[in-house]
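Visitor: Pasting a predicted model and its sequence here:
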Amino acid sequence: MARPKKSRTDKKEKIIMLRLTDLEYDNISTNARRTGYSMSEYIRRQVFSGNVPVIVNISVSLEELQNLTREFAAIGNNLNQIAKHFNMGGIRSKEMQDRINSCLDVIMEMRKDVARLAEGMYGNFKTPGK
């Protein structure tokens, strides 16, 4: 059985040509894919409504999130102890500097872990040229 013919008012006969950079094209095509629309339909909806919600499903194992949450809590506790030490007039010592550096190292490693977890959904987080 053949598809029914569209009425004259439903036919899309007018064409608009648009030039894009590679980055612009990639952004539009990624967003269109995430919405489930074709690129034409996505652009049409953006033009007429100004906003097409992009639905992003994030899936991360609960265990990984719990581990990261525990680590963030431990780091926050350490930083609070350091802040309390300095606020009470504590002297900056080699030991204190080592604790601060240790916390910063852990935070940077956790940042990499979070980026790794999210990379599958959002692409590469590395800054171009670095």
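Guide: Right, received. Where do you want to start?

Visitor: CA atoms for contacts and neighbours, from now on please.
Guide: Fine.

Visitor: can you give me the helices for this structure?
Guide: Secondary structure of the chain (DSSP state H): helices located at 22-35, 39-49, 62-87, 94-122.

Visitor: If you count neighbours, what's buried in the first one?
Guide: Going by neighbour count (16 or more other CA atoms under 10 Å), the buried part of helix 22-35 is 29, 31-32, 35.

Visitor: between it and helix 39-49, how many degrees?
Guide: Comparing the axes of helix 22-35 and helix 39-49 via axes from the mean of the first three to the mean of the last three CA atoms, to 10 degrees yields an angle of 90 degrees.

Visitor: Using PDB, list the CA coordinates for helix 22-35.
Guide: Extracted in PDB, the C-alpha atoms of helix 22-35 (Å, rounded to 0.1, in the frame of the first residue of the first chain):
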ATOM      1  CA  ASP A  22      32.700  22.100  10.700                       C
ATOM      2  CA  LEU A  23      32.200  22.900  14.400                       C
ATOM      3  CA  GLU A  24      28.700  24.400  13.800                       C
ATOM      4  CA  TYR A  25      27.700  21.500  11.600                       C
ATOM      5  CA  ASP A  26      28.900  19.000  14.300                       C
ATOM      6  CA  ASN A  27      27.000  20.800  17.000                       C
ATOM      7  CA  ILE A  28      23.800  20.900  15.000                       C
ATOM      8  CA  SER A  29      24.100  17.300  13.900                       C
ATOM      9  CA  THR A  30      24.900  16.100  17.500                       C
ATOM     10  CA  ASN A  31      21.900  18.000  19.000                       C
ATOM     11  CA  ALA A  32      19.600  16.800  16.200                       C
ATOM     12  CA  ARG A  33      20.600  13.200  16.900                       C
ATOM     13  CA  ARG A  34      20.100  13.700  20.600                       C
ATOM     14  CA  THR A  35      16.500  15.000  20.100                       C
END
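
Visitor: Which neighbouring elements make contact with it?
Guide: Helix 22-35 is packed against helix 39-49, with contacts defined by 3 or more CA pairs under 8 Å, 6 or more residues apart in numbering; DSSP states H and E.

Visitor: What's the separation between residue 73 and residue 103?
Guide: 12 Å (CA to CA, to the nearest Å).

Visitor: So between these two, which is more surrounded?
Guide: residue 103 (18 against 12; other CA atoms under 10 Å).
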